[in-house]
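J.: Take a look and give me a structure for this.
(2 chains)
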Amino acid sequence: AQTVTQSQPEMSVQEAETVTLSCTYDTSESDYYLFWYKQPPSRQMILVIRQEAYKQQNATENRFSVNFQKAAKSFSLKISDSQLGDAAMYFCAYRGETSGSRLTFGEGTQLTVNP
Amino acid sequence: DAMVIQNPRYQVTQFGKPVTLSCSQTLNHNVMYWYQQKSSQAPKLLFHYYDKDFNNEADTPDNFQSRRPNTSFCFLDIRSPGLGDAAMYLCATSRVGQARHFFGQGTRLTVV
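T.: You can find the predicted model right below:
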């Protein structure tokens, strides 16, 4: 079974600074997707960024970028120029080719942004 | 705006009293999911529908059931809620062939 591990239960960053959230996963599949989802307090979970395993190029969405290391099974999220609105719980998630369309989530990292 | 809507946002139920949570979507997605998220934990898939085909996770308790009367609506029924069922319940949708999930705002269930 696939597992996703986020080793940082909590992280904090100063406004305008950069922070990196870690995620590792375990799988025997060769084709899969990886995601970072953001869950603000009392608000819905929204997609931040996604990465297809077959793509070597790291995904980027504005201030958000990933460092995808397939051999190491590592998928970290970098947030540049952090803003107060970035404060949220961040979940790393995996979807594999044999797991249907279900997502397997990590335990989450609570990000605090300090003004 | 097209979206996934869950009702109610907050639900308080008595121990052992059946409760139903609802989810509707305007995205016309053929896959709908129910995840359970306990405090400070990862969301855990309970079951999902691919169109009308129901797919139950092996470790989902029998106490949890679901109905999907049409493409737009999906319900989560908890037959006899226990204190351990207190959690946030997340509904999500996706289109077959697309990896992305779209989530509702969740229903926070309290059992008293």
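J.: what about the helices in chain A?
T.: Counting by DSSP state H, chain A forms no helices at all.
J.: near chain B, which residues of it?
T.: Contact residues (C-beta under 8 Å from any C-beta of the partner chain) of chain A with chain B: A:4, A:9, A:33, A:35, A:37, A:42-47, A:50, A:91, A:95, A:100-103, A:105-108. Just so you know, the C-beta spots here come from the backbone N, C-alpha and C atoms, and that holds for glycine as well.
J.: If we use 6 Å, what do you get?
T.: A:Y33, A:Q44, A:M45, A:L47, A:R95, A:S101, A:R102, A:F105, A:G106, A:E107 (C-beta under 6 Å from any C-beta of the partner chain).
J.: possible to save those as JSON lines with distance to B:P81, pLDDT and neighbour count?
T.: Formatted as JSON lines, those follow (distance: C-beta to C-beta, whole Å; pLDDT from 0 to 100; neighbours: other C-beta atoms under 10 Å in any protein chain shown):
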{"residue": "A:Y33", "distance to B:P81": "34", "pLDDT": "93", "neighbour count": "19"}
{"residue": "A:Q44", "distance to B:P81": "23", "pLDDT": "87", "neighbour count": "20"}
{"residue": "A:M45", "distance to B:P81": "23", "pLDDT": "91", "neighbour count": "25"}
{"residue": "A:L47", "distance to B:P81": "31", "pLDDT": "95", "neighbour count": "16"}
{"residue": "A:R95", "distance to B:P81": "30", "pLDDT": "92", "neighbour count": "21"}
{"residue": "A:S101", "distance to B:P81": "28", "pLDDT": "78", "neighbour count": "22"}
{"residue": "A:R102", "distance to B:P81": "24", "pLDDT": "85", "neighbour count": "21"}
{"residue": "A:F105", "distance to B:P81": "23", "pLDDT": "94", "neighbour count": "21"}
{"residue": "A:G106", "distance to B:P81": "27", "pLDDT": "95", "neighbour count": "25"}
{"residue": "A:E107", "distance to B:P81": "25", "pLDDT": "94", "neighbour count": "16"}
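J.: All set, thanks.
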